[in-house]
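After the sequence you'll find the predicted model.
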Number of protein chains: 2
Amino acid sequence: MLETKETSAITKINDGSIVTPKGFSADGVHAGLRYNKNDLGVIFSEVPANCAAVYTQSHFQAAPLKVTQESIGKEGLLQAIIVNSANANACTGEQGVKDAYEMRERCASLFEIQPHYVAVASTGVIGEFLKMDKIRTGIEQLQPKATSDSANAFQNAILTTDLVMKTSCYEVEIDGKKVVIGGAAKGSGMIHPNMATMLSFVTTDANIDSASLQSLLSEVTDKTYNQITVDGDTSTNDMVLVMANGQAGNEQLNETHPQWNDFKAAFKEVSEELAKQIAKDGEGATKLIEVEVTGAKTKQEANVVAKKIVGSSLVKTAVYGADANWGRIICAVGYSEASVQPEKIDIYLEDICLFTANSPQAFSEEIATEYLKQDSVKIKVNLGVGEETGKAWGCDLTYDYVKINASYRT
Amino acid sequence: MLETKETSAITKINDGSIVTPKGFSADGVHAGLRYNKNDLGVIFSEVPANCAAVYTQSHFQAAPLKVTQESIGKEGLLQAIIVNSANANACTGEQGVKDAYEMRERCASLFEIQPHYVAVASTGVIGEFLKMDKIRTGIEQLQPKATSDSANAFQNAILTTDLVMKTSCYEVEIDGKKVVIGGAAKGSGMIHPNMATMLSFVTTDANIDSASLQSLLSEVTDKTYNQITVDGDTSTNDMVLVMANGQAGNEQLNETHPQWNDFKAAFKEVSEELAKQIAKDGEGATKLIEVEVTGAKTKQEANVVAKKIVGSSLVKTAVYGADANWGRIICAVGYSEASVQPEKIDIYLEDICLFTANSPQAFSEEIATEYLKQDSVKIKVNLGVGEETGKAWGCDLTYDYVKINASYRT
């Protein structure tokens, strides 16, 4: 089913996925790393695809990230991504690197492609070695297809403590050709330890050069994936991978292409939808919190303030308690490093004004509380010192967050 | 009762307080800002005292901080500190500044001293005006004395959601004279909104010039008050004030004085004890967590890593759940900005080795869990890349933290 977005030339494909773009297939199987759900998945492109990637900022990048970087470093092309859940293959030393290489080799053999056309990703427990016998058997069972069922099998295979699959798909016409972008992500937490590991895989049949794709991904990541926070912790395994296989047949995209902005809009929409789904599925969360900052001096400051607010434990608990607590919001603004002046700040809950002109406003607590009881709430802050805007997403901090994280091993 | 610290020339005075140093008195009364506890207090020095101060990093400094800075800016001398709880006088615009000035004036009148010899501090709800009628009547009731009861009355008056009073007192001999340093602090949270506001007041009869005192306070603050975290939020009202009235009769202290290091050690001990008491009394906390980082390249990196670990929600919940989860600790190290190499890191719980040489170690889960059930736990991390050390303190993240902060207004 197609649903037209009114704001631009892009169209959301509600039942689309990573296999909706031409030339992509996927699969997911139960290799036995976990008891009762898929734990090994693959995305495959008929032809080598241009690619782009962003990795965790942690000093301790897990073994699969090192192997993936090596793959991409060779030719800038990928044809397959092999992913396991249940075990992050992190803090596993030389054996871990060896295992990640073996995953790459075996996946390459399966599809009879070059090893450096394969990327490897893992998520799950850290400090334990992969059960390679199960991985080996699992890889042999993979039979990627371009069906919804296959896409679901993959999407399910990459989940850990996630409660729901995360997916998004958009279409945009470029040079009269239909170009599709699909994405699948996981994020929420790991089994043990919980680090809110985020993995996101985006496929597109667009014809776009690698440099433009990388620059687009980096720019969009700063506005989407990097603007979500569950608990402020960063994983050793976070990674976003994009494959663009050119099967749509458009003229090669780059910043000078007349429809670059349309492609960019669709790409950003997919990324933002995946990011929001991850934030909403944060451990123990009952609500998605969106913070929109306007009137900032710079884009960066707008993003910083938005993220400070959405990351504040006090704001997160207040939202959980449906408490329209502007004081905690202004505090979070106050300790960000942005240029702010208290007397210029307006704070709204959607359309309810809580604070303006340096003064708390009279508002109906009842209406505000009702608003905050929804499963998605929006905090709007106008800094009043410039023209730039930024957004961030997070979730409330609940009893269940403490429960999930305090009691896993006991 | 005196208890000798073995490590240096300094002596802890277990029943000492802010009125133990010569020439200081204090009082606290129930002015009526809160229903049933003292809410207005004063510390008074017989003579104008050299002073030093550090203030919140928030952009939104509350009115009393502005007035205090003006007082200190004039001559660098203070003779009285007037403090109220229940209302932070923050985000209160011009009226708030007027009210803070009036508090200063009335306190100065009471003691017949110059207004700029008075510092003002407030903690409590933000965005509401002070009930000045109650403040006025309260100030008239203040009768500072140099007794334990008076010190307790003050210590109680500055508390908000704190469960316990925080106090520390040390003695050190300088030039054959007994020099005493006493401190009183509050920190944990505010009634609404909760921002873990920290106030700390230190008195000493040492003869020390203002510049040396300020430089000492700044240095020690970075190692103590700035190394505690309850929930990462920073208040508009945080402040540490020190008064040194010279009544001990020692030669004026500065960095060239032969016993400077003894005085510094005592001053640091008082600050660290107050900071630890604040961390331990964090909202909903059941445990004090101390993180000691060794083997860092720089002191700053040691402090940053220690604070990252103690501030990690995942580490805090693991400690609450008595879970010896080294993975979360190494993750927090990984996302700090310090120079670290995973293969060089050792992680201990007190003396239990959890991780070394890039490998998880076998340890008794039972012993580790028993250890973590204590009311004070120590995480030790050796980064193995240098010689510098740092410490940080915090508390566990519990159901009660969520409860206190989600349900205050409902």
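In hand now; what should we look at? Numbering: from 1, shown residues only, chains lettered A, B, ... in the order given.

so residue A:248 sits right up against residue A:179, yeah?
Yes - if you go by C-beta atoms under 8 Å, residue A:248 and residue A:179 touch, sitting 4.5 Å apart. In this view, the C-beta of every residue, glycine as well, is placed from N, C-alpha and C.

more neighbours, the two?
Comparing residue A:248 with residue A:179 by neighbour count (other C-beta atoms under 10 Å in any protein chain shown), the higher total belongs to residue A:179, at 29 against 24.

Mind giving me the packing neighbours of the host helix or strand of the more buried one?
Residue A:179 is part of strand A:177-186 when elements are defined by DSSP states H and E. Using 3 or more C-beta pairs under 8 Å, 6 or more residues apart in numbering or on different chains; DSSP states H and E as the contact criterion, the secondary-structure elements in contact with strand A:177-186 are helix A:148-157, strand A:166-174, strand A:199-204, helix A:260-280.

Including distance to chain B, could those go into CSV?
Conversion of those to CSV gives the following (distance: least, C-beta to the nearest C-beta, whole Å):
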stretch, distance to chain B
helix A:148-157, 22
strand A:166-174, 21
strand A:199-204, 16
helix A:260-280, 15
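
Can you tell me which of these is packed in deepest?
Per residue and on average, the most neighbours among those fall to strand A:199-204, with a mean of 28 (mean count of other C-beta atoms under 10 Å in any protein chain shown).

For it, give me every contacting residue.
Identification of contacts with strand A:199-204 by C-beta atoms under 8 Å, 6 or more residues apart in numbering or on different chains yields A:18-19, A:21, A:24, A:43, A:45, A:49, A:81, A:83, A:121, A:123, A:158, A:179-187, A:225, A:237-245, A:248, A:267, A:270-271, A:274.

So is stretch A:349-366 next to chain B?
Yes - Stretch A:349-366 is in contact with chain B by C-beta under 8 Å from any C-beta of the partner chain, via A:355, A:358-360.

quick one: which of those residues sit in helices?
Restricting these to those inside helices, with DSSP state H as the criterion, leaves an empty set.

are any of those buried, and which?
Among the residues of stretch A:349-366 next to chain B, those that count as buried by neighbour count (16 or more other C-beta atoms under 10 Å in any protein chain shown) are A:355, A:358, A:360.

which one of those sits closest to residue B:301?
residue A:355 (38.2 Å; C-beta to C-beta).

shared neighbours of residue A:248 and residue A:179, anything?
Taking C-beta under 8 Å, 6+ apart as the contact rule, residue A:248 and residue A:179 both touch A:21, A:204-206.

nearest to chain B, of the residues you listed?
Of all these, chain B sits closest to residue A:204, with 30.2 Å by C-beta to the nearest C-beta.

so what's the closest one closest to, chain neighbours aside?
The spatially closest residue to residue A:204, leaving aside those adjacent along the chain, is residue A:181, at 4.3 Å (C-beta to C-beta, 6 or more residues apart in numbering or on different chains).

That neighbour contacts residue A:24, correct?
No - taking contact to mean C-beta under 8 Å, the distance of 10.9 Å between residue A:181 and residue A:24 leaves them out of contact.

who's in contact with the helix or strand where residue A:405 lies?
With the criterion set as DSSP H and E, the secondary-structure element containing residue A:405 is helix A:399-406. Taking C-beta under 8 Å, 6+ apart as the criterion, the residues outside helix A:399-406 that touch it are A:161, A:189, A:194, A:231, A:282-285, B:313-314, B:317-318, B:320-321, B:323, B:397-399, B:401-403.

Can you read off the pLDDT for residue A:196?
With respect to pLDDT, residue A:196 has a value of 52.

that older thread, can you list the strands that the strand holding residue A:179 pairs with?
Sheet pairing for strand A:177-186, assigned by DSSP bridges, gives strand A:166-174 (antiparallel), strand A:199-204 (antiparallel).

any idea how far residue A:134 lies from chain B?
Per C-beta to the nearest C-beta, to the nearest Å, residue A:134 is found 21 Å from chain B.

I'd say that residue and residue A:32 touch.
Yes - in this structure, residue A:134 is within contact of residue A:32 by C-beta under 8 Å, at 4.3 Å.

Which one of those two is surrounded by more residues?
Set side by side, residue A:134 and residue A:32 show more neighbours around residue A:134, with 19 against 15, by other C-beta under 10 Å.

any idea which helix or strand carries the more buried one?
With elements delineated by DSSP H and E, residue A:134 resides in helix A:132-141, which encompasses its position.

Please apply the same query to residue A:54.
With secondary structure defined by DSSP H and E, residue A:54 is part of strand A:40-55.

what's the following helix or strand after that strand?
Next in sequence after strand A:40-55, counting helices and strands by DSSP H and E, comes helix A:63-75.

okay, the angle between that following helix and strand A:40-55?
With axes from the mean of the first three to the mean of the last three C-alpha atoms, to 10 degrees as the basis, helix A:63-75 and strand A:40-55 are set at 70 degrees to each other.

what about the following helix or strand past helix A:63-75, distance to the chain center?
As assigned by DSSP H and E, the chain's next helix or strand after helix A:63-75 is strand A:77-84. A distance of 17 Å separates the centroid of the chain from that of strand A:77-84, by C-alpha atoms, centre = their mean, to the nearest Å.
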